[in-house]
Structures are given as C-alpha cells and as structure tokens.
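>>> structure, please.
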Amino acid sequence: MNTLQSEPLSACADTAYAISGWYLLAFADELVAEVTPLSIGGRALMAVRREGAEGIRVFDATCPHRGANLAHGGIVTGDAVVCPFHSKAVALGDNSRRWSVAEHTVARVGDAVFVRIGEDDRGFSTVLAALAGRRVSAGLVREVAVPSVYVIENAFDIEHFSPVHKVPRVVDLGLRPSEHGELALETAFETLAPRPGGGTEQIRTRFCARAYSPHLVVSELGPAGSADLVITGTVPTATGCVARVVYATAPDAPEGYVGALIRGGVLAFDQDQVVWEHLDPEAQVRYDAGDAAIVAFRDFCGTFPRLAAGDR
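Here you go, the predicted model:
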C-alpha cells in the first residue's frame with residue numbers, strides 16, 4: 001500500500017500565535033470575576049464581565065505601552081482598563097485612542113462562550129443561530145497533553161472508531177461539499193441492538209463532522225435536521241491544550257436522555273485520551289488510503305492565518 005510521509009502533527013501547533021477562527025473559549029462559570037485572564041496559545045486575552053452590563057466581552061490583554069498583562073491586576077474603569085504596571089488607561093476596543101486593545105467577537109449559547117479571532121467564520125454563525133432553539137448542556141473540560149489538532153481531527157479519523165470506541169462497523173460516506181468553507185465528513189455507525197421480542201437488529205446511526213476552524217468541530221449524531229450536536233473545542237496551551245465539549249439536543253429532551261448522552265461522550269473522550277497521553281507527537285507521520293479525511297483536515301488547517309497579538 002502506498003503511504004504519504006508528512007511532518008509531525010505537532011507542527012500544526014504554534015503556541016506563539018492564535019490561529020484565526022472560532023474557539024470554544026470557556027464556560028460561563030469559569031468567567032465569574034470582573035476580569036478573567038485567558039490565553040489562546042501565546043496570545044494573552046481577558047474576559048470582562050461588568051455587573052449590570054450585558055454579556056461577556058473578550059479583549060487582547062497585552063498592554064500596548066510596555067507589554068504588561070492587563071488581566072493580572074488591571075482595573076476596569078468605564079470604557080478602559082487601568083494597567084497595573086504604569087496606570088495607563090487602556091481603551092477597550094477603541095483603536096482611535098492612543099492606548100487600546102482589540103475586542104473579539106463573542107457568542108454565548110447557554111454556558112458555552114465562543115470567541116472568534118480574526119475574520120474567519122466559515123459558516124459557524126449559522127450554527128450559533130440554530131443553537132438558539134436547542135437545549136445546550138456543558139459536557140466536560142479536560143487538559144490534554146497533545147497539540148490541539150489531535151483532538152479536533154479525531155472526528156475525521158474514520159479508522160479509529162472501531163478499535164478505540166468498539167463500533168462494530170463504520171460506513172465511510174466521504175467528504176461532503178461545504179457551503180461556507182467548513183470541512184464536512186459524513187459516515188454511519190452500524191451497531192447491534194437488542195430487539196424487544198428477543199434477538200438483535202442492526203442499527204445505523206448517521207455521523208457527520210463539520211470543522212469550522214482548526215480548533216472547533218461540530219459532530220451530528222442522527223438524521224439530518226434533527227440530529228444531536230456534539231461541539232468539541234480546544235484552546236492551545238504551552239503543554240498541549242484544554243478541550244471542552246458541549247451537547248445540543250432538542251429543547252424538550254428529557255434529563256435522562258441528555259445525561260446518558262453526556263456520559264457516553266465522557267467515556268469516548270476517556271478512551272481517546274488514553275491514546276493521546278501515550279503517543280509521540282514528534283513521530284514521523286506516514287498516511288495511507290484510510291487517512292484521506294485526516295489529510296483533508298490538515299490541509300484545511302493550513303488555510304487559516306496565524307495572528308500575533310495586536311492583529312485584529
């Protein structure tokens with residue numbers, strides 16, 4: 001079988017920059033302070049949550065005067081934050097002023113707080129609009145000691161579902177054309193389920209993964225139009241990434257159903273993490289024909305620019 005050699009997957013993880021696009025940055029209960037320090041790779045950010053104000057806002061946190069991190073000791077006053085280093089009043093999102101930091105697009109759905117760095121939307125705004133009519137539940141927050149691309153590309157790794165997650169058969173339906181520049185893959189899981197009168201029957205469950213950035217993938221489980229959504233997001237760190245998972249179900253879904261969905265998701269994540277925590281990110285990658293969707297995901301990641309602090 002022919003193989004394709006490639007650079008290690010760790011080469012996709014550049015912690016000196018934030019890659020343009022959408023991130024699942026945090027859950028709301030992680031942002032209870034007036035100013036919360038955050039980061040995406042090497043880009044320092046801060047979430048500002050004022051009492052009586054609408055919503056959560058996210059800004060760059062590096063002071064344009066001398067580089068202090070405004071989220072550590074900065075005090076919000078009106079439309080500015082006072083720097084803890086030299087007491088400069090740094091405007092929040094107003095680049096017409098001498099000292100200012102950029103504001104980033106934020107979308108909150110339930111407990112999930114999404115942020116977009118740069119202008120790459122790739123159609124995720126349509127997902128956010130659809131989530132407004134669903135029940136959105138936080139799943140897990142987990143530190144993972146591998147570059148974040150491993151976590152997101154997992155949805156496109158067709159050949160891992162059987163050995164890792166014990167899916168008896170996976171039907172590869174292939175990559176799908178995208179409407180907004182996202183990357184879409186559709187497959188089906190075939191499993192055996194007991195019949196009420198005895199015996200078993202084969203159940204086919206549609207699975208469709210749509211990546212909207214190198215750090216955000218939405219997986220559909222079930223028929224198109226009524227599928228449950230599993231949203232997996234990663235935030236790069238110096239030692240790997242932090243992964244968060246959100247579940248979106250029908251608004252009238254019972255507690256027992258949502259709980260079972262989350263428990264199943266946690267189990268699947270645990271199974272993947274055993275592999276992630278013991279693999280070698282520096283290993284030379286040699287793809288074969290079964291890895292076509294992973295290669296497509298890697299190519300997709302390469303279409304997003306890397307933005308340094310100060311880039312808007």
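>>> got any ranges where this structure has weak pLDDT?
Applying pLDDT under 70 to the chain flags the ranges 1-17, 51-54, 308-312.
>>> now the helices: where do they sit in it?
With helices called from DSSP state H, the chain shows them at 124-131, 148-153, 161-165, 255-276, 292-301.
>>> which residues are in contact with Leu221?
Thr205, Arg206, Phe207, Ala227, Asp228, Leu229, Val230 (C-beta atoms under 8 Å, 6 or more residues apart in numbering). No exception for glycine: its C-beta is placed from N, CA and C like everyone else's.
>>> out of everything not next to it in sequence, what's closest to Ile262?
Nearest residue to Ile262, sequence neighbours excluded (C-beta to C-beta, 6 or more residues apart in numbering): Gly139, at 5.1 Å.
>>> what is the neighbour count of that neighbour?
Gly139 has 22 neighbours, counted by other C-beta atoms under 10 Å.
>>> contacts only, for it.
Residues near Gly139 by C-beta under 8 Å, 6+ apart: Val230, Arg244, Val245, Val246, Tyr247, Ile262, Gly265, Val266.
>>> any of those buried? List them.
Among the contacts of Gly139, the ones that count as buried by 16 or more other C-beta atoms under 10 Å are Val230, Arg244, Val245, Val246, Tyr247, Ile262, Gly265.
>>> just give the nearest non-adjacent residue to Gly133, would you?
Here the residue nearest Gly133, using C-beta to C-beta, 6+ apart, is Pro251, at 6.6 Å.
>>> scan the chain for its longest strand.
Criterion DSSP state E: the longest strand present in the chain is strand 200-213.
>>> can you name every helix or strand that that one contacts?
Using 3 or more C-beta pairs under 8 Å, 6 or more residues apart in numbering; DSSP states H and E, the elements in contact with strand 200-213 are strand 21-27, helix 124-131, strand 183-194, strand 216-221.
>>> let's see it at 7 Å
strand 21-27, strand 183-194, strand 216-221 (3 or more C-beta pairs under 7 Å, 6 or more residues apart in numbering; DSSP states H and E).
>>> out of those, deepest packed?
Most buried of these, by mean neighbour count (mean count of other C-beta atoms under 10 Å): strand 21-27, with a mean of 24.
>>> partner strands of that strand and their direction?
strand 112-117 (antiparallel) (DSSP bridges).
>>> using CSV, write out every CA atom in the partner strand.
What follows is strand 112-117, C-alpha atoms only, in CSV (Å, rounded to 0.1, in the frame of the first residue of the first chain):
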residue,chain,number,x,y,z
ALA,A,112,-20.7,28.0,26.3
VAL,A,113,-18.7,31.1,25.5
PHE,A,114,-17.3,31.1,21.9
VAL,A,115,-14.8,33.7,20.6
ARG,A,116,-13.7,34.4,17.1
ILE,A,117,-10.1,35.6,16.5
